[in-house]
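K.L.:
Got a predicted structure plus its sequence, pasted below:
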Amino acid sequence: MSSLKLLGTRRSPFVVRVQIALDVKGIKYEFHEENLSAKSELLLKSNPVFKKVPVLIHGDHPISESLVILQYIDEAFSAGHQILPSNPYDRAIARFWASYIDEKLFPSLRGILRSEGEERKNKIEESIEGAALLDNAFVSISKGKKFFGGETIGFLDIAAGSFLAFIEAIGIVYGEKLIDEVKTPHLFKWVHDFRSDLAVKVNLPATEEIVEVLISISKASAQN
C-alpha cells in the first residue's frame, strides 16, 4: 500500500496539479475521490482549516493547498525530475507567477461564470489581458525553450496548465478564445507541447467534460 494518499475530485484544476506533479516525478499514490457535497471525515480531519481539496497525506502528515503540495513533493522526493528551478531567483520568479495565476487570473476566469452582460464582457477582457501578461512572461522565463521549466515540465507549467481544460471550455461556451495564435502566440505553442506530455494526457480532464459543467452552471444561474 502506498504511503501517499491524495484526496480530491478529478475535475478540479487544483487537484489535477498534484496528479500531474506526482506522475511527472514517477511517484505512486492512492487517489481518494471526494464528494464535496458530503465531505469525508478524512478530509475534514486532514484539512480542518479550509475543508477543501486537494490534500496530500504522506504517512500521517496532511499537506494542503495545491502550490504548497507541489513544493512539498519536490523537496520530499528530491531524486529524479525536479519541478522547481534549482536557481533561487528562477525559483522565486516561478512562485511569483504561480501566485499571479491563482490570485489574479483564476478570479477573472471564475468571474466570467458568475457574471452576465457587460460585466461578463469585462471579465472576459480582463482574462484575455491576464493571459497576454503570462504570454509575455513565458518569453523571459522559458529562455527560448519549450516550457516555463525549460526543456521539461516544471512548477509553473503545472500551475498554469492545470487550468487548460477550463480555459478552453470558456472559449467554447462564451465564444471568446483566451489563448490563440494571435493574442498569445507563445502560450499557443506551449499548450500543444504541454498537452503532449503523458502525465498531462492521463490527468487533464477532457475539455468536453468541462463544457458540460459550464453549461450546467449557466443554466442554473439563468433560473435563479
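P.N.:
Perfect, I can see it now. Treat the numbers as computed from the prediction; the structure is a model and nothing was measured. Numbering: from 1, shown residues only.
K.L.:
Can you name the next helix or strand after the helix or strand that contains Phe14?
P.N.:
Per DSSP states H and E, Phe14 falls inside helix 13-24. The element immediately downstream of helix 13-24 (helix or strand, assigned by DSSP H and E) is strand 30-33.
K.L.:
Which other helices and strands does that next one contact?
P.N.:
strand 4-8 (3 or more Cβ pairs under 8 Å, 6 or more residues apart in numbering; DSSP states H and E). (C-beta placed from N, C-alpha, C; glycine too.)
K.L.:
Can you list the strands that the strand it packs on pairs with?
P.N.:
Looking at strand 4-8 with DSSP bridges, its partner strands are strand 30-33 (parallel), strand 55-58 (antiparallel).
K.L.:
buried residues in that strand?
P.N.:
Across strand 4-8, burial judged by 16 or more other Cβ atoms under 10 Å covers 4-8.
K.L.:
And for stretch 158-170?
P.N.:
Result for stretch 158-170 [16+ other Cβ under 10 Å]: buried residues 158-170.
K.L.:
In a markdown table, list these along with pLDDT, secondary structure and distance to Lys123.
P.N.:
Output for the buried residues of stretch 158-170, formatted as a markdown table (pLDDT from 0 to 100; DSSP: H, G, I helix; E, B strand; the rest coil; distance: Cβ to Cβ, whole Å):
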| residue | pLDDT | secondary structure | distance to Lys123 |
| --- | --- | --- | --- |
| Ile158 | 98 | helix | 25 |
| Ala159 | 98 | helix | 21 |
| Ala160 | 98 | helix | 19 |
| Gly161 | 98 | helix | 22 |
| Ser162 | 98 | coil | 20 |
| Phe163 | 97 | coil | 15 |
| Leu164 | 97 | helix | 19 |
| Ala165 | 97 | helix | 19 |
| Phe166 | 96 | helix | 14 |
| Ile167 | 96 | helix | 13 |
| Glu168 | 96 | helix | 17 |
| Ala169 | 96 | helix | 15 |
| Ile170 | 95 | helix | 10 |
